[in-house]
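Chemist: quick one: sequence and predicted model below, then my questions.
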Amino acid sequence: MNPVEIDEAVSTLALEPFDRAEFPFQFLRAFGNKETAIARLRAGNTNQSDVPGAVLQRGNIHIAACAPGEVDATLAALRASAKTASQKAKFILATDGIEFQAEDMSGGGTVACAYAQFADHFGFFLPLAGITTVEQIRESAFDIKATGRLNKLYVELLKDNPDWASADRRHDMNHFMARLIFCFFAEDTDIFVGEGLFSRTIEQMSARDSSDTHLVMAEVFRAMDTKLADRAAAGIKRYADVFPYVNGQLFSGSTECPRFSRIARSYLLHIGSLDWRRINPDIFGSMIQAVADDEERGALGMHYTSVPNILKVLNPLFLDDLRAKLEEAGDNARKLLNLRQRMAKIRVFDPACGSGNFLVIAYKQMRELEAEINRRRGEPDRRSDIPLTNFRGIELRDFPAEIARLALIIAEYQCDVTYRGQKEALAEFLPLDSQNWITCGNALRLDWLSICPPTGTGVKVQANDLFETPLDQAEIDFENEGGETYLCGNPPYSGFSSQEDEQKDDLKDLFQAITPYWKSFDYVMGWFYKAKMFIKGQNARAAFVSTNSICQGQLVHMFWPLILSDGARLFFAHSSFKWQNLASNNAGVTVVVVGISHNDGKEAKIYDSGVDGSVVERAVSNISPYIVAGPNLYIEAASKPLNGLPVMFWGNKPTDGGHLVLSPADKRIALTEFPQDQPFLRPYYGSDEFIKGIPRFCIWVDDQQARDAPFSSFLNKRIEQVRVFREASKAKETRPAALYPHRFRQVQGCPGQRTVIVPIHTSENRNFLPVGVLPEGCIISNAAYALYDAPVWCIGLIASSLHLVWIATVCGKLETRYRYSNTLGWNAFPVPTLTDQNKADLTRCAEDILLAREAHFPATIADLYDPEAMPEDLRAAHDRNDEVLERIYIGRRFRNDTERLEKLFELYTKMTAKGKAA
């Protein structure tokens, strides 16, 4: 279940009559527990509680419904229960249907409220549904609740107004939703005079059968677009005349509203009953945009970008510097004034702004700093000098662009209330300015300098309004002479294989004239290149979130020379971390944050995330595109080893339609009928087969056997099926292989010899790369690499921490899994000259690793290298291997992976320089 569904289920439960016996099971059901799990708890099979009448679900919650007045005592009993600790309950909960109390046993948070209000705290319990992301999610319960209600209304309205779902009218529908959001916020924050004015007017003035709801609403919208002096002439009805003139073109143009059913009217009034003062514009915007997107609606409530993650971009980009200047200024009035004037000129530009998260957070953070300046200068009520229109954005879709503008308007009002007071905020909020500073268009096709020029006050394009078309020319003049400009955001990633045709055309238009590699580029690389061109020669910097693929593998040497030229550099980078959302059990996308500037003489900073979530900052002289301290070198794929190591071959590729490969069951059946086929059926290993210890089998026939051996009908049928498959293939490289259907299309090295196998893909959770030895006769598939008849000491290299950190850095990943490469990972791996003694020592270490594995037979590689269950003798064997190898490199153990990488890059530089000299 996603958070919106959980909110609805919990809200429904809170409205039902309290059933003491059933409540624990109803509560668990609301958080996604299946009926089978509920049945086992009810029967007592999995209920671990030692408190009479309570229910304890291991690893989740200890919950008890008690007699009236017994909540405090019951909660104390749950807290003192030995089973609460031994069964690792995340929460304890007690309620009597009147009071409701709960505690988070790990974080220490508590909930204490009336039973009727417990649904408002559903975010506190999201870990029960496997949603264990950042703390701010628990505090965004209102935003999730509001999103769910708006979605129900949106879907109901489209059901009754199908024409509003068409492409021609979708903008009208989205614009209507933006108007509603503004009205709900305005009626709860005194922007509209009178409590719940909008909702109350709709409820009182429209018929209960909803027949005229759309007409009453349209009249209210018309009033808010009519100046007070013009209302009598316009014939505004009395019930609508109490609404203020809003301007900003939010209510301009057509005031037509979709028709409401009785259900839709009920949904509307329910939304109005929520407390919209609690809206977080930085969170709400990214959620509400999913309401209007058919593809994203299935993930409703999951579109949340945490404030701490956004600050990983904004803090090192410019906010940390502003805070340092504030600290330096102290109470010096002149320095404080200079800082305030500097901040008033800062322009923040997000060229992939979505619903405005980054811009809203940047604005709120700057207002907080400004408020502290004003406090120190004795001017706490001073009007803000930071113009909202200094926060510019580009967004491809019109609805998120509208929501971004609305989110910024709401953020400005909330900041005014916080720092100046409700009275001052209201006095200056309406009417809104008719200004449009979020451009709707394709960021890779637009001229960024025309939208957010780094200097001056003028821009090249103009528009008259806030919310109306043409949105692709949505720019206004700046209020002040530009100072610094900071580009930021989270552009769309889209690897080359997942790009749509239009996205490929965008990259082609941008890169075709300057690099032949553009077809391999991730879509996000377009933003980095345009940012590099934007900041060139300007007082500007840029920082974007990206998948870590742009700092790994072959993309590095293809792409980064285009960026790190003409004086551009990485002035900060945040190494890989998970960019999570609200999805249940969500692993998140693995991302990096990269900041680029032109040479400014300042030290660079690398930020690393610790296991506990803490961030460690390191000052370095230069950051390479691999996010390693050191020069801007590029690891290029090598067709043969540069280091004197044995040749590593890619495994054998069948391209057979599945007819040359057999499951163990297929093999048993075949040999039962045709035992003479035994010599032609070989064990077949790829990554999965080796790691899980369950080989498949393959038909392996060489050319001589194909000419001489009498094949069984089973083999003949399989070989014929391969021929037919290859002849019919659309791939031109496959069709010629129909001439030899008895063998694999691509055969590498000398298959069948004693083989060292290296899986191509392996989990990032493993502390060592899986590598092993297969006996003669085994065939390696194209899902692994092979060293044929290689010395055992090679295993010591591959199984080392040094090699793992090299692979993780230069080879890239598939999703989050390590992705091995022979050309980058093995052929380019820097190895010092190994003496005979070195090789003997590494051979002994490799043998110890293999023997330690054998001691735990039949445990598989997957079993043995589970980081939580790795046998101590195997861990010790790897540790000895690391120590022997690292002493060969530097005479001692490396202190950490950073030191390992810096040494490896140093050796790579020497190794390639020697090769060029030779």
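Modeler: Cool, the structure landed.

Chemist: wait, isn't residue 568 in contact with residue 595?
Modeler: No. With contact defined as CB atoms under 8 Å, residue 568 and residue 595 do not form a contacting pair (11.0 Å). Yep, even glycine has a C-beta here, placed from its N, CA and C like the rest.

Chemist: show me which of these two is the more surrounded one.
Modeler: A count of neighbours by other CB atoms under 10 Å puts residue 595 above the other of residue 568 and residue 595, at 25 against 20.

Chemist: ok, the more buried one - contacts?
Modeler: When contacts are counted by CB atoms under 8 Å, 6 or more residues apart in numbering, residue 595 touches 313, 316-317, 541-543, 570-573.

Chemist: how far out from the middle of the chain is stretch 201-215?
Modeler: Stretch 201-215 has its C-alpha centroid displaced from the chain centroid by 43 Å (CA atoms, centre = their mean, to the nearest Å).

Chemist: measure that stretch end to end?
Modeler: End-to-end distance of stretch 201-215 (CA to CA, to the nearest Å): 12 Å.

Chemist: could I get the average pLDDT for that stretch?
Modeler: Mean pLDDT, taken over the full extent of stretch 201-215, equals 95.

Chemist: can you list the buried residues in it?
Modeler: Of the residues in stretch 201-215, those with enough neighbours to count as buried (16 or more other CB atoms under 10 Å) are 201-203, 205-206, 210, 213-215.

Chemist: ok, those vs residue 72, which is closest?
Modeler: Comparing the buried residues of stretch 201-215 against residue 72 with CB to CB picks out residue 203 as the nearest, at 40.0 Å.

Chemist: can you tell me the SS state at the closest residue in space to the closest one that isn't next to it in sequence?
Modeler: Using CB to CB, 6 or more residues apart in numbering and skipping the chain neighbours, the partner closest in space to residue 203 is residue 269 (5.6 Å). Secondary structure for residue 269, judged by DSSP: H, G, I helix; E, B strand; the rest coil, is helix.

Chemist: for the closest residue in space to residue 641 that isn't next to it in sequence, which residues are in contact?
Modeler: Once flanking residues are discounted, residue 641 sits nearest to residue 827: 4.7 Å by CB to CB, 6+ apart. For residue 827, the contacting residues are 637-643, 645, 648, taking CB under 8 Å, 6+ apart as the criterion.

Chemist: show the buried residues in the residues you listed.
Modeler: If you count burial by 16+ other CB under 10 Å, the buried members of these come out as 637-638, 641-643, 645, 648.

Chemist: Throw these into a markdown table and include secondary structure, pLDDT and distance to residue 753, thanks.
Modeler: Putting the buried ones among the contacts of residue 827 into a markdown table (DSSP: H, G, I helix; E, B strand; the rest coil; pLDDT from 0 to 100; distance: CB to CB, whole Å) gives the following:
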| residue | secondary structure | pLDDT | distance to residue 753 |
| --- | --- | --- | --- |
| 637 | coil | 88 | 25 |
| 638 | coil | 91 | 23 |
| 641 | coil | 94 | 18 |
| 642 | coil | 92 | 24 |
| 643 | coil | 91 | 22 |
| 645 | coil | 95 | 17 |
| 648 | coil | 96 | 14 |
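
Chemist: now for these: which two are most distant?
Modeler: With distances taken as CB to CB, the most widely separated pair in these is 637 and 645, at 15.2 Å.

Chemist: before we move on, the earlier item: the residue nearest to residue 203 contacts residue 202, correct?
Modeler: Yes. Using CB under 8 Å, residue 269 is in contact with residue 202, at 7.0 Å.

Chemist: look up how far residue 256 lies from residue 161.
Modeler: 10 Å (CB to CB, to the nearest Å).

Chemist: more neighbours: which of those two?
Modeler: Using other CB under 10 Å as the criterion, residue 161 and residue 256 rank with residue 161 on top: 19 against 15.

Chemist: ramachandran coordinates for the more buried one?
Modeler: When read as degrees, to the nearest 10, the backbone of residue 161 gives phi -130, psi 70.

Chemist: for residue 176, what are its contacts?
Modeler: For residue 176, the contact set (CB under 8 Å, 6+ apart) comprises 257-258.

Chemist: quick thing: my sequence starts at 845, can you match it?
Modeler: New numbering, starting at 845: the last item is residue 1020.

Chemist: host element of it?
Modeler: Residue 1020 is located in helix 1014-1032, with elements delineated by DSSP states H and E.

Chemist: same thing with residue 1631?
Modeler: Element membership of residue 1631, judged by DSSP H and E, is strand 1628-1632.

Chemist: who does that strand touch, helix- and strand-wise?
Modeler: If you count contacts as 3 or more CB pairs under 8 Å, 6 or more residues apart in numbering; DSSP states H and E, strand 1628-1632 packs onto strand 1493-1494, strand 1599-1603.

Chemist: mean pLDDT, distance to residue 1648 and mean neighbour count for these - can I get that in TSV?
Modeler: Conversion of those to TSV gives the following (pLDDT from 0 to 100; distance: least, CB to CB, whole Å; neighbours: other CB atoms under 10 Å):
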stretch	mean pLDDT	distance to residue 1648	mean neighbour count
strand 1493-1494	96	20	19
strand 1599-1603	96	12	26
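
Chemist: just put those in TSV and tack on distance to residue 1564.
Modeler: Formatted as TSV, the helices and strands packed on strand 1628-1632 follow (distance: least, CB to CB, whole Å):
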stretch	distance to residue 1564
strand 1493-1494	28
strand 1599-1603	30
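
Chemist: who wins for proximity to residue 884 among those strands?
Modeler: Using CB to CB as the criterion, the shortest distance between residue 884 and the helices and strands packed on strand 1628-1632 is 38.1 Å, found for strand 1599-1603.

Chemist: could I get that closest one in PDB with only the CA atoms?
Modeler: Listed next in PDB are the C-alpha coordinates belonging to strand 1599-1603 (Å, rounded to 0.1, in the frame of the first residue of the first chain):
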ATOM      1  CA  THR A1599      38.500 -21.800 -15.300                       C
ATOM      2  CA  VAL A1600      38.500 -18.900 -12.900                       C
ATOM      3  CA  ILE A1601      35.000 -17.500 -13.200                       C
ATOM      4  CA  VAL A1602      34.100 -13.800 -12.400                       C
ATOM      5  CA  PRO A1603      30.400 -13.000 -12.500                       C
END
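
Chemist: what lines up beside it in the sheet?
Modeler: The partner list of strand 1599-1603 in its sheet, established with DSSP bridges, is strand 1616-1618 (antiparallel), strand 1628-1632 (antiparallel).

Chemist: the last one: how far from the chain's middle?
Modeler: Between the centre of strand 1628-1632 and the centre of its chain there are 34 Å (CA atoms, centre = their mean).

Chemist: right, and the helix or strand after it?
Modeler: Where DSSP H and E defines the elements, the next helix or strand beyond strand 1628-1632 is helix 1637-1642.

Chemist: where along the stretch 1295-1444 of the chain do the helices fall?
Modeler: 1345-1355, 1369-1379, 1399-1407 (DSSP state H, counting those that start in this stretch).
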